[in-house]
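> here's my sequence, what's the structure:
(one chain, ligands or ions: 2)
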Amino acid sequence: MGPARSRAPPPPTPVPLTMPHLDPIPEADEVLFLPLGGVGEIGMNLALYGHAGAWLMVDLGITFAGDRFPDYDVLMADPGFIERHRGRLTGLVLTHAHEDHVGALPYLWKRLRCPVYATPFTAAVAGHKLASAGLDLVPLHEVQLGARFPVGPFGVELIGVTHSIPEPNGVLIRTPVGCVYHTGDWKLDEDPRLGRPYDRARLESLAREPLLAMACDSTNAVVPGHSGSEGSLRAGLREAVEGCTGRVLVSSFSSNIARLITTARVAEDTGRRFGVLGPAMQRMLGFARATGYWPADLPALVDARHLALLPPCEVLAACTGSQGEPTAALARLANDSHRDMLLDPGDTVIFSSRVIPGNEAAVERVQARLKAIGVSLVTDQDHQVHVSGHPAQTELEQMYRWVQPPLCIPVHGTPRHLAANAAIALACGVPRALEVRNGDVCRLTPGGAEVLGTVPTGRLAAQPRGLERVPAGILADMREHGR
Ligand SMILES: [Zn+2]
Ligand SMILES: [Zn+2]
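Residues are numbered from 1 along each chain as shown. Ligands and ions are numbered 1, 2, ... in the order given. Just a heads-up that it's a prediction; the model follows:
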């Protein structure tokens, strides 16, 4: 026998460098899935479902470019394809009120002009955004969690889940050809501290529906274990506050009403007075009150000016700015430029949040200034003061076992997250996973699924003169930096 010769690897399966460019009109014997944003990236979600000559849109979000791209603050998916087909667009269903799902509504509605469907809290947030943009006459239909309603040829059902904002819902999209379950953002929180529990019975019963696919949140697919429960944070936050002698500020996302309620409870637990700094958070709190999510038994909030006059050891305030946003309350406090309050050495800031990738530098700047004042910083490295709103691996596994879709389409993630989610689905017995990208036209039928081709995609940036297309060079640069 001669010396072993290394064998040449088999030639790779040829992959067409470019898929055919399409301008699809959905047929009656198929469901098309066509994401224009949010797949291969986190943020600016925009998904389209097509059937029998009509399109249904799920979510219309933005993303923030971060300080690497200061000229492109607010970004959104270019809706050009559906704008051209707007006569076929039967409606927009919103899964929840986070910016990456509703933020583009005031920018893009005029180009789409379709009815909008949302649960009461989401409708309150969306309605405010539209009114602020002078769009008072948008047909915004308030629907209840669990509601089933027709939108063109689609039957739509909202399924209550848990996340990090009131009233998150998955969307079951029903057609005569079959159904798709679009999960929206979700986690399995046994103690969400607010609103209804996730609708476990309905999620389990999805396995008996004629499902074609499940389009599933991939944000935390690389995170082992469980995301943790909002209910677990009261003890951790209390622990973090108990040792403090000065003022305590808790910085979190404005829309996380459960977190605000927990923070208010911790103020009660530790004998402090509670207030809220930052107009965005005050506005969200107003929506929570108006839709019945703010507990009536909590003591009245102390306004910022009065908080500032109290002895520091009696103050606990929730505030905006956990991502280092330069105009938010926390950055102003760090710069000694807040209208109502000045921080002193011995005060504490608790970051009840996670730094969104890309915002690290901005957060570090604010933290350095706080430290320079002599303020102590607490993060989730020190105490249990934050849980994510997205499913980690055991929750994804549980969901796949309940729903048992014939096909998983990972969405809401970078390529790494999408691949991890697909692997989990396959390991849980889902027969197939389709890793698609923005612009891919996926044909779903009871016989199987295939990517037919692509439609053009891109990004628009909100500029003083209006919306402008982000040039290709900048777009490539953004992708390289995970934006
Ligand atoms: Zn969300
Ligand atoms: Zn999201």
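> and for the nearest residue to Val151 once chain neighbours are set aside, the neighbour number?
Spatially, and ignoring its direct neighbours in sequence, Val151 is nearest to Gly91 (4.0 Å; Cβ to Cβ, 6 or more residues apart in numbering). Where C-beta positions appear, they are placed from N, C-alpha and C, glycine not excepted. By other Cβ atoms under 10 Å, the residues close to Gly91 number 22.
> repeat for Ser132
Look at Ser132: counted by other Cβ under 10 Å, it has 9 neighbours.
> where's the closest residue to it other than its chain neighbours, which helix or strand?
Closest residue in space to Ser132, ignoring its immediate chain neighbours: Pro106 at 6.8 Å, by Cβ to Cβ, 6+ apart. Assigned by DSSP states H and E, Pro106 belongs to helix 105-112.
> continuing past that helix, what's the next helix or strand?
Criterion used, DSSP H and E; the element after helix 105-112 is strand 116-118.
> could you list the domains of the protein?
With domains defined by automatic domain parsing, the chain comprises 31-225+389-480, 230-378.
> as TSV, these with mean pLDDT and distance to ligand 2 would be great.
Below are these laid out as TSV (pLDDT from 0 to 100; distance: least, Cβ to the ion, whole Å):
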stretch	mean pLDDT	distance to ligand 2
domain 31-225+389-480	96	4
domain 230-378	96	11
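> rewinding a little: just checking, what packs against the helix holding Pro106?
Contacts defined by 3 or more Cβ pairs under 8 Å, 6 or more residues apart in numbering; DSSP states H and E place helix 105-112 against strand 74-77, helix 80-84, strand 89-93, helix 120-132.
> what do you get if the cut-off is 6 Å, keeping everything else the same?
helix 120-132 (3 or more Cβ pairs under 6 Å, 6 or more residues apart in numbering; DSSP states H and E).
> how distant is the very next helix or strand once past the helix it packs on from the center of its chain?
Sequence order places strand 140-142 as the next helix or strand after helix 120-132, per DSSP H and E. Here strand 140-142 is found 20 Å from its chain centre; the criterion is Cα atoms, centre = their mean, to the nearest Å.
> in its sheet, what does strand 140-142 sit against?
strand 116-118 (parallel) (DSSP bridges).
> residues contacting the partner strand, please?
91-94, 126, 140-141, 143 (Cβ atoms under 6 Å, 6 or more residues apart in numbering).
> adding distance to ligand 1, write those residues out as CSV.
Listed next are the contacts of strand 116-118 as CSV, based on distance: Cβ to the ion, whole Å:
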residue, distance to ligand 1
Gly91, 21
Leu92, 16
Val93, 15
Leu94, 11
Ala126, 14
Leu140, 19
His141, 21
Val143, 18
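> tell me which two in these are the farthest apart.
Gly91 and Ala126 (13.3 Å; Cβ to Cβ).
> for this structure, what spans make up the helices?
80-84, 99-102, 105-112, 120-132, 200-205, 233-242, 257-269, 279-290, 304-309, 329-334, 360-373, 393-403, 415-427, 472-480 (DSSP state H).
> hang on, the earlier thing: hmm, who's touching the helix holding Pro106?
Against helix 105-112 from outside (Cβ under 6 Å, 6+ apart): 60, 79, 83, 86, 126, 129-130, 133, 135, 138, 462.
> now that helix against helix 120-132, angle please.
For helix 105-112 against helix 120-132, the angle by axes from the mean of the first three to the mean of the last three Cα atoms, to 10 degrees is 70 degrees.
> ok now helix 105-112, how far from the chain's centre?
Distance, centroid of helix 105-112 to centroid of chain: 19 Å (Cα atoms, centre = their mean).
> how about the residues of this structure near ligand 1?
98, 185 (Cβ under 5 Å from the ion).
> quick check on the residue lying closest to Ala419 once chain neighbours are set aside: phi, psi?
Nearest residue to Ala419, sequence neighbours excluded (Cβ to Cβ, 6+ apart): Glu435, at 6.6 Å. With angles defined as degrees, to the nearest 10, Glu435 sits at phi -90, psi 110.
> Glu435 is in contact with Leu418, isn't it?
Yes. Glu435 lies in contact with Leu418 (Cβ atoms under 6 Å); the separation is 5.4 Å.
> ok, the two, which is more surrounded?
Leu418 (25 against 17).
> which residues sit in contact with the nearest residue to the more buried one once chain neighbours are set aside?
Nearest non-adjacent residue to Leu418, counting by Cβ to Cβ, 6+ apart: Pro410, 4.1 Å away. Applying Cβ under 6 Å, 6+ apart, one finds that Pro410 lies in contact with 216, 218, 418, 421-422.
> looking at these, which is nearest ligand 1?
Among these, Ser218 lies closest to ligand 1 (Cβ to the ion), at 12.8 Å.
> could you report the neighbour count for that closest one?
Neighbourhood size, Ser218 [other Cβ under 10 Å]: 31.
> hmm, it is touching Ala419, no?
No. Ser218 sits out of contact with Ala419 when judged by Cβ under 6 Å, with a separation of 8.7 Å.
> who does the closest residue to Arg174 other than its chain neighbours bridge with?
Closest residue in space to Arg174, ignoring its immediate chain neighbours: Gly155 at 3.6 Å, by Cβ to Cβ, 6+ apart. Beta-bridge partners for Gly155, by DSSP bridges, are Pro150, Arg174.
> could you measure from Gly155 over to Glu99?
28 Å (Cβ to Cβ, to the nearest Å).
> same check on Arg305?
Applying Cβ to Cβ to Arg305 and Glu99 gives a distance of 29 Å.
> now swap in Cys244 and tell me
Cys244 is 31 Å from Glu99, by Cβ to Cβ.
> what number of residues lie near the nearest residue to Leu370 once chain neighbours are set aside?
Among residues not flanking Leu370 along the chain, Ala334 sits closest, at 4.9 Å (Cβ to Cβ, 6+ apart). By other Cβ under 10 Å, the residues close to Ala334 number 25.
> contacting residues for Ala334?
Taking Cβ under 6 Å, 6+ apart as the test, what Ala334 contacts is 366, 369-370.
> and for Cys114?
Each residue near Cys114 by Cβ under 6 Å, 6+ apart is listed here: 89, 91-92.
> tell me the bridge partners for Thr63.
Bridge pairing for Thr63 (DSSP bridges) gives the partners Leu75.
> skipping adjacent residues, who's closest to Pro166 in space?
Phe121 (4.2 Å).
> same thing with Arg354?
Once flanking residues are discounted, Arg354 sits nearest to His386: 6.0 Å by Cβ to Cβ, 6+ apart.
> and that neighbour, how far is that from ligand 1?
From His386 across to ligand 1, the span is 15 Å (Cβ to the ion, to the nearest Å).
> what's the answer for Trp294, then?
Applying Cβ to the ion, the value for Trp294 to ligand 1 is 20 Å.
> again with Val355
In terms of Cβ to the ion, Val355 sits 16 Å off from ligand 1.
> just give the nearest non-adjacent residue to that residue, would you?
Val363 is the one closest to Val355 (Cβ to Cβ, 6+ apart), at 5.0 Å.
> what is the neighbour count of the one you found?
Val363 - counted by other Cβ under 10 Å - has 22 other residues nearby.
> quick check: it touching Arg354?
No. Counting by Cβ under 6 Å, Val363 stays clear of Arg354, with 10.2 Å between them.
> need the contact list for the residue nearest to Val151.
114-115, 117, 151.
> quick one: which of these is nearest to Tyr293?
Of all the contacts of Gly91, Tyr117 has the smallest distance to Tyr293: 20.0 Å, by Cβ to Cβ.
> number of nearby residues for the residue nearest to Arg84 when sequence neighbours are not counted?
Nearest non-adjacent residue to Arg84, counting by Cβ to Cβ, 6+ apart: Asp23, 7.9 Å away. Neighbour count of Asp23, defined by other Cβ under 10 Å: 11.
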